[in-house]
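Novice: what follows is a predicted protein model with its sequence.
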Amino acid sequence: MTALLLSGVSGIVLEVPAYAAGCVGGVDSDFNGDGLRDTAIADPLATVSGQEKAGAIQIVLGGGKGVTTLSQDTANVSDVAEAGDQFGFSLAVYDANLDGCSDIAVGIPYEDIGTVPDAGLVHLVYGSPAGIGQGTPSLGFRQGADGNMGNTAEAEDWVGYSVAGGVSPTGVPFLVIGTPGEDSSGLTDMGFATYASGVIPSVTTFHQDSPGVWEDAEAYDRFGASVSATDRHFVVGAPGESTGTVSFAGAVQAFRPSVNTDGIPQPLFGMGQSRTAGPDDAAQADDRYGSALAMASYRPSGAAAPTDSLLAVGVPGEDLGTTVDAGAVHVYDIKADGTVAVLKWIDQNQEGVEGEAEAGDFFGQQLAAVNTSTSVVSTAATMRLAVGVPGEETSGDAPEAGGVQVFPMVGEPGASDAWLEPGNGIPSGPSARTFTGISLGSSPSLLYVGMPYGPETGRAVHGYSWNVTSGGAPAQTWKPGEGGIPAGAGAFGAAVR
C-alpha cells in the first residue's frame, strides 16, 4: 500500500495499492488501465460552462470505448473553469502513483491565483479503471501561502507553461514544471522550474542560480519556457538567455531525475549554440535556441536496453546567411555517464533535404521525437524526429500555412525525410495562417499533428505513421463533432499526447 495526500483536503491520506485493481499497466497513455493506448487532445481555448477560453481536454479511449471531457468543472478536479485559464495549454502523461493507470499533468499558465492574474497552476489528474478523474482527486501545484511550490504567486509567472514527466530507472515518478515568467532578485522573467518526485510528491524548485546549474540567472532568460524528459534525463530550455551582449540567444540545461545533496535534481551540463555541428555555431540575437525540446530513449550498439537519451533542440530564430528566421534544429546524444555528444545540425538547405529555407519559416518552432522500438538497437528507422515549420508558405495566397518535416534522428537528415503540408498530406487545403507544425505529439506508432488554427472545418488532429512518405495520408484523424468528440473548436489539437 502507498500513502497519497489529496490536494485541497487537509490531513486526509488515501492508501492506494501499488497496482490498482483493474489497471493492467505497461501501456503508455492508458488512463483507464485496460491495456489500450488512449489519446489526450487539448483545446485550451474551449468554452466551458459559458466561460470563454477556460480550456478542456478530450480523452479518446482506445478500442472505441468513447470520449471523456476533462476540465476544471470535472468532478475530482479542484477549482472551477474560469474565462481565460487555458486549461490544457501544456500536457504531460506518466504514471504518477504507480498504480498501472496513466495520469495527466495539465498546465494552466493563465490561471489566476486569488486576485493575482496569470500566476499559473498545474493539475495532476489521476487515471483509474473508471476513467480519468474518476478516482483519486487531483493534486495541484502552485505558488503562494497555500501552495506547495514555495515563493509568492505573482502576476504572469505562468506556472505550467511547460510540463514533462516520467518514471526514473529506480522506479520513482517525477514531474518537471516550467515557470518562465518568475521574477526574482529584481530580475524580470528570470524563470525557474519545479521538480516533484515520488508517489507522495516531494517538491523542490531550481533555477540558473542554483548550485551546478550552467550560466547565471538574468532578466528575460525565461528558464522553464520548455522542458522535455525521458526516464533517464530531462532538459530545461531558457530561450531568452543572453550570451555576452547577444540577447535572446538561448540555452538549455540537462539534469538527472534524482535529487542531489543540494536538494535539487542533479545538473549534468548546460550549453548554448556554440556546441553545434552546423554551419553557424555563433550565438546570434533572437536565435531562441531551446524554444522547443524533444527527447527519446536511445539504445546504442552493444547495450542490452536504452541507456542514453537523444535530444533535439529547436532554434526557430536562426538566420541562415541572409535568410532571417529560417530556423534550425540540433541533435545530441546524452550518454549514460551524463556527458553529451553532438550528432548533427538540420536545416532545410542541407543536401537531400526536401524544401528550401525561407525567411520567417521558423523551422524548429515545435518538435516531437520517438524511439519506435526500445527492444532493439536504435537505428535511423526507429529513431524519428518531427520538426514543425509553422511559418512555411505553401503557396502565394497562403502565408504561414505551415508544414511538418520528418527526419531520421540518427544518420543523414536527407536520407529518409518526408514533408507534409496542407493539401499535400494534411487533408485540409492550404489556408493563410493555419500554422501547421505548431502542435506536434508522439507515440511509438503515430506522429500527431495538431491543427488548432485556420478554418474551423480544418481543425483536427491527424496521426501519421512515423515512416510516412512525403504527402502521405494520415492513418487516423480526430475532429470535433466526430467519433464522440464534442462539436466546437477553440484551438482543438493545440497539445496532443
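Specialist: That came through fine. Residues are numbered from 1 along each chain as shown.
Novice: stretch 224-244: which residues count as buried?
Specialist: Using 16 or more other CB atoms under 10 Å as the test for burial, stretch 224-244 gives 224-243. For the C-beta atoms, the positions are set from N, CA and C on the backbone; glycine is no exception.
Novice: so for it, mean pLDDT?
Specialist: Average pLDDT, stretch 224-244: 96.
Novice: chain center to that stretch, what's the gap?
Specialist: 11 Å (CA atoms, centre = their mean, to the nearest Å).
Novice: span of it from start to end?
Specialist: One end of stretch 224-244 to the other measures 20 Å (CA to CA, to the nearest Å).
Novice: and if you look at stretch 415-434?
Specialist: End-to-end span of stretch 415-434 (CA to CA): 28 Å.
Novice: same question for it: list its buried residues.
Specialist: Those buried within stretch 415-434 under the rule 16+ other CB under 10 Å are 416-422, 425-426, 428-431, 434.
Novice: need the max-distance pair from these.
Specialist: Spatially, the most separated pair among these is 416 and 431, at 29.0 Å (CB to CB).
Novice: how long is stretch 92-108 from one end to the other?
Specialist: Stretch 92-108 has an end-to-end distance of 12 Å (CA to CA).
Novice: one more: stretch 106-113?
Specialist: One end of stretch 106-113 sits 16 Å from the other (CA to CA).
Novice: start the count at 59, not 1, going forward
Specialist: Sure thing, new numbering starts at 59, so read that last one as stretch 164-171.
Novice: tell me the gap between that stretch and the middle of its chain.
Specialist: Put simply, stretch 164-171 sits 16 Å off its chain's centre (CA atoms, centre = their mean).
Novice: just stretch 119-128 next, same as before
Specialist: Taking CA atoms, centre = their mean, the mean C-alpha location of stretch 119-128 is offset from the chain mean by 22 Å.
Novice: buried ones in that stretch?
Specialist: Across stretch 119-128, burial judged by 16+ other CB under 10 Å covers 119, 120, 125, 126, 127, 128.
Novice: for the residues you listed, which one is nearest residue 506?
Specialist: Nearest to residue 506 among the buried residues of stretch 119-128, with distances taken as CB to CB, is residue 120, at 14.3 Å.
Novice: show the pLDDT at the closest one.
Specialist: 96.
Novice: point out where the stretch 309-458 of the chain drops to low pLDDT.
Specialist: Under the criterion pLDDT under 70, the flagged ranges of the stretch 309-458 of the chain are 333-339, 453-454.
Novice: how about the strands in it?
Specialist: Remark: strands assigned in the stretch 309-458 of the chain by DSSP state E, counting those that start in this stretch are 309-317, 323-329, 350-356, 366-373, 386-392, 398-404, 424-429, 441-447.
Novice: next one: the stretch 59-208 of the chain
Specialist: For the stretch 59-208 of the chain, the strands defined by DSSP E, counting those that start in this stretch occupy 60-63, 71-74, 97-101, 114-118, 125-128, 148-152, 161-166, 179-183, 197-199.
Novice: so for residue 392, which of these sits nearest?
Specialist: Proximity to residue 392 (CB to CB) singles out strand 148-152 among the strands of the stretch 59-208 of the chain, at 19.0 Å.
Novice: that closest one packs against which elements?
Specialist: Judged by 3 or more CB pairs under 8 Å, 6 or more residues apart in numbering; DSSP states H and E, the packing partners of strand 148-152 are strand 97-101, strand 161-166, strand 220-225, strand 231-237, strand 553-554.
Novice: who wins for proximity to residue 363 among the ones you listed?
Specialist: Closest among these, using CB to CB: strand 220-225, at 14.5 Å.
Novice: for the nearest residue to residue 256 once chain neighbours are set aside, what are its contacts?
Specialist: Counting by CB to CB, 6 or more residues apart in numbering, residue 256 lies nearest to residue 230, which is 6.1 Å off, once chain neighbours are set aside. Residue 230 is in contact with 255, 256, 315, 316, counting by CB atoms under 8 Å, 6 or more residues apart in numbering.
Novice: of those residues, grab the buried ones for ChimeraX.
Specialist: ChimeraX command restricting those to the buried ones, with burial defined by 16+ other CB under 10 Å:
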select :255,315
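Novice: in JSON lines, list the contacts of residue 230 along with distance to residue 248.
Specialist: Below are these laid out as JSON lines (distance: CB to CB, whole Å):
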{"residue": "255", "distance to residue 248": "23"}
{"residue": "256", "distance to residue 248": "27"}
{"residue": "315", "distance to residue 248": "23"}
{"residue": "316", "distance to residue 248": "25"}
